[in-house]
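K.L.:
Got a predicted structure plus its sequence, pasted below:
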Amino acid sequence: MTISRTTAVVVAANGLTAVIAAALLMLVLWQAPRRRMNLLFALTMLILLGYCVANIFGRFIAELGLDPAQTTYVAVSLFGYFTISMFVFSSEFAHERTLTTEIMGFGGMICGLGYIAAMWSDQVMVDIHPTSDPGSYQGRWTALGNTASMILAAYMIASAFVIFRMKDPRARALSLAPVLALAGIISSVVIWPLIHIPLQAMFLAASALVLGRPVLRDQLFNPLAMLNQQLADKNAELSRASSMKSQFLTDISHELRTPLNSIIGYTELVMGGMYGALNDIQGDRLEKVVRNGQTLLKLVNDAIDLNRIETGQLTLERRLVIVPEVLNTVLDTIEPLAVNKGLAIRRDFGAIPPIYVDEVRLRQIVTNLVANAIKFTHKGSVTVRASAISGDVRLEVVDTGIGIPADQFDTIFQEFRQVDDSSTREYEGSGLGLTITRRLVELHGGRIWLESAVGQGSTFFISLPAKAPEEPAAAVISSAAA
C-alpha cells in the first residue's frame, strides 16, 4: 500500500491533534475525575479525538473496506457536537447559568440530533465519491445541508460572542476556541481544494489548547502557585515563631538561672551550719531543695545550650586536650552517683593522642553519657573506654542497664524525647541531654551512634577527629610539643 503525500500530511496533522486532545483529557481527569466541569471538558476532548480518528480512517476507506458515506457522516456529526460541547463546557467553566446559555446549550443539542438524523437519512450530503487525490472523497451538499452548515457557522459565532460577554474573566479566553473551529471550516472549504494542506486539524488543535489552558491554569498551575505562596508564608511565620521562641528561651533561662543559683547557694549555706545546727528532718528537706534546684538548673542550662546551638551562637573554644585527664575528672566527679546505686565505674583508656576540642564541651558530652548510663542501670557497671582508631579518638560508654529497643535508636536523640514518653514514665529527665550531646559531637566534626538490646545494656560510641579541622597534622603536633 502506497501512501500519498497528502494522506501522510493529513494523518500527521490529525494524529497530532488527537494526541493533544488525549493528553488534555487525561490531565484534567487526573486532577478531579468526578468534577462536572472536568467531565464536560473530557467529553469535548473525546469528541475531538474521535473526529480526528474518523478523518484518519477516511484516508484509508478503500483499504479498510469502509463505507465512504458512513465514514463522512461520523466525522461531520462529531465535528458538530464538538462545537456544541465547547459552548456547554465554557458555560460550566464560567459558572454562567443564564437563559441565553441554557437556550444555546439545550437548543444546540436538540438541533444537533435533528442534524444527525437528517444526515444519516441522506438529506444533508449526497453523492459521496472518490476524487483524483488518492484517499480523498467529496460529496454534494443539499439545500438542507447548506442551511445546516450556515446555522452551524452562526452558532459558532454566537458562541464566541456569548462566551466573551460572560462575567468570569477566565472564560473570556475561551471565546477564541469557536472562532478557531470556524476558521478550520473555512480553511477546509477555501484552502484545502487549492493546496491540500489540512489546516482544519491545526486550527482544531489550537482550539483544544485554548480550551485546555485556562482549565489547567485554574486547576493545576494556579493552585501550585497558591500552595507555594502559602508554604512561603508559613515558612516565614515559622521562622518568626522560631526566632521569638529562641529569644524567649534565652530571656527566661537567664532570668531563672540567677535566682536558682541563689536558692541553691543559700540552701547549701544553711545546710553547712552557717545559721545554726539542723536536725535530721531539716537537713533532709534542705537536701531535697538543693537536689531539685540542681535538677531545675541543669534543665535551664540545657535549654540555653540547645538554643545557642540551634541559633549558631555557640562557639567552640578549641585547644589540644589530654583525653584521659578529662575522662578521669568527669568520672571522679560523677562516681558518687554510681556508688550510691551500687554500681561499679570501670576505666579502660588506651594510648590516645591529644585531640583538638573544646574541653568544657567534651566534659559535658562525657558527663551526659555517663550520667545517662548510671540513671538507666540498676546493677552491674558502667565502663568508659577510650582508644585511637584511624586518626580519630573513639570514646565508648558501656552500661549493663535496661537497654534500648532498636526502633528507638533515632528517637532518643530527638528533643524532649525518651524511650518512655508516657506520663507515668519511671525515669525523670528533660529529654535534652542526648540531643545536646549529639549536636556538640557534630559541631566538633565527629559522630555518635549506639548499639543496644533490651535487657542487655547499651554502648554509646563517639568518634572525634584527633586534629584541628582546618589545620594539617604537622601543625597539631607542633602545638602539642609547645
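P.N.:
It's in.
K.L.:
Do you know the pLDDT at L249?
P.N.:
L249 carries a pLDDT score of 67 in this model.
K.L.:
swap in L269?
P.N.:
As predicted, L269 sits at a pLDDT of 87.
K.L.:
pretty sure it is in a strand, no?
P.N.:
No. Looking at L269 with DSSP: H, G, I helix; E, B strand; the rest coil, it is helix, so not inside a strand.
K.L.:
Okay, it and L296: tell me how far apart.
P.N.:
Separation of L269 from L296 (Cβ to Cβ, to the nearest Å) stands at 19 Å. Backbone N, C-alpha and C define where each C-beta goes, glycine included.
K.L.:
Also S188?
P.N.:
For S188, the distance to L296 - Cβ to Cβ - is 87 Å.
K.L.:
what do you get for F164?
P.N.:
Per Cβ to Cβ, F164 is found 73 Å from L296.
K.L.:
and what of F460?
P.N.:
Separation of F460 from L296 (Cβ to Cβ): 26 Å.
K.L.:
more neighbours, these two?
P.N.:
The neighbour comparison of F460 against L296 (other Cβ atoms under 10 Å) goes to F460, with 24 against 16.
K.L.:
Could I get the buried residue list for the one helix or strand that one maps to?
P.N.:
In this assignment (DSSP states H and E), F460 forms part of strand 458-465. Of all the residues in strand 458-465, those buried under the rule 16 or more other Cβ atoms under 10 Å are 458-464.
K.L.:
then it to CSV, C-alphas only?
P.N.:
The C-alpha trace of strand 458-465 is given here as CSV (Å, rounded to 0.1, in the frame of the first residue of the first chain):
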residue,chain,number,x,y,z
SER,A,458,23.8,-0.2,75.8
THR,A,459,27.0,1.1,74.3
PHE,A,460,27.3,4.7,73.0
PHE,A,461,30.1,5.3,70.6
ILE,A,462,31.7,8.7,69.9
SER,A,463,34.3,9.3,67.2
LEU,A,464,36.1,12.7,67.3
PRO,A,465,38.9,13.8,64.9
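K.L.:
What is that strand packed up against?
P.N.:
For strand 458-465, the helices and strands in contact under the criterion 3 or more Cβ pairs under 8 Å, 6 or more residues apart in numbering; DSSP states H and E are strand 355-358, helix 359-375, strand 392-399, strand 447-452.
K.L.:
what pairs with that strand, and is each one parallel or antiparallel?
P.N.:
Strands that pair with strand 458-465, judged by DSSP bridges, come out as strand 392-399 (antiparallel), strand 447-452 (antiparallel).
K.L.:
what does the longest one contact?
P.N.:
The contact list for strand 392-399, computed with Cβ atoms under 8 Å, 6 or more residues apart in numbering, reads 323, 327, 352-353, 355, 366, 369-370, 373-374, 376-377, 380-388, 446, 457-466.
K.L.:
How about the last one?
P.N.:
Outside strand 447-452, the residues within contact range by Cβ under 8 Å, 6+ apart are 403-404, 406, 409, 413, 437-438, 441-442, 458-463.
K.L.:
picking up where we left off before, between the strand holding F460 and helix 359-375, how big is the angle?
P.N.:
With axes from the mean of the first three to the mean of the last three Cα atoms, to 10 degrees as the basis, strand 458-465 and helix 359-375 are set at 170 degrees to each other.
K.L.:
Other residues contacting strand 458-465?
P.N.:
With contacts defined as Cβ under 8 Å, 6+ apart, strand 458-465 is touched by 355-357, 365, 369, 373, 376, 389, 391-399, 401, 403-404, 441, 444-452.
K.L.:
do the same with stretch 202-213
P.N.:
Identification of contacts with stretch 202-213 by Cβ under 8 Å, 6+ apart yields 13, 16-17, 20-21, 24, 27-28, 41, 44-45, 48, 51-52, 82, 86, 89-90, 173-174, 176-178, 180-181, 183-184, 187.
K.L.:
can I assume Y115 sits in a helix?
P.N.:
Yes. Y115 forms part of a helix when assessed by three-state DSSP.
K.L.:
Who are the contact partners of the closest residue to it other than its chain neighbours?
P.N.:
Spatially, and ignoring its direct neighbours in sequence, Y115 is nearest to A148 (5.3 Å; Cβ to Cβ, 6 or more residues apart in numbering). Applying Cβ under 8 Å, 6+ apart, we find A148 in contact with 115, 118, 124.
K.L.:
G80 now?
P.N.:
By Cβ under 8 Å, 6+ apart, the residues touching G80 are 112, 115-116, 152.
K.L.:
So which residues of the stretch 101-250 of the chain form strands?
P.N.:
Here the stretch 101-250 of the chain has its strands, by DSSP state E, counting those that start in this stretch, at 125-130, 137-141.
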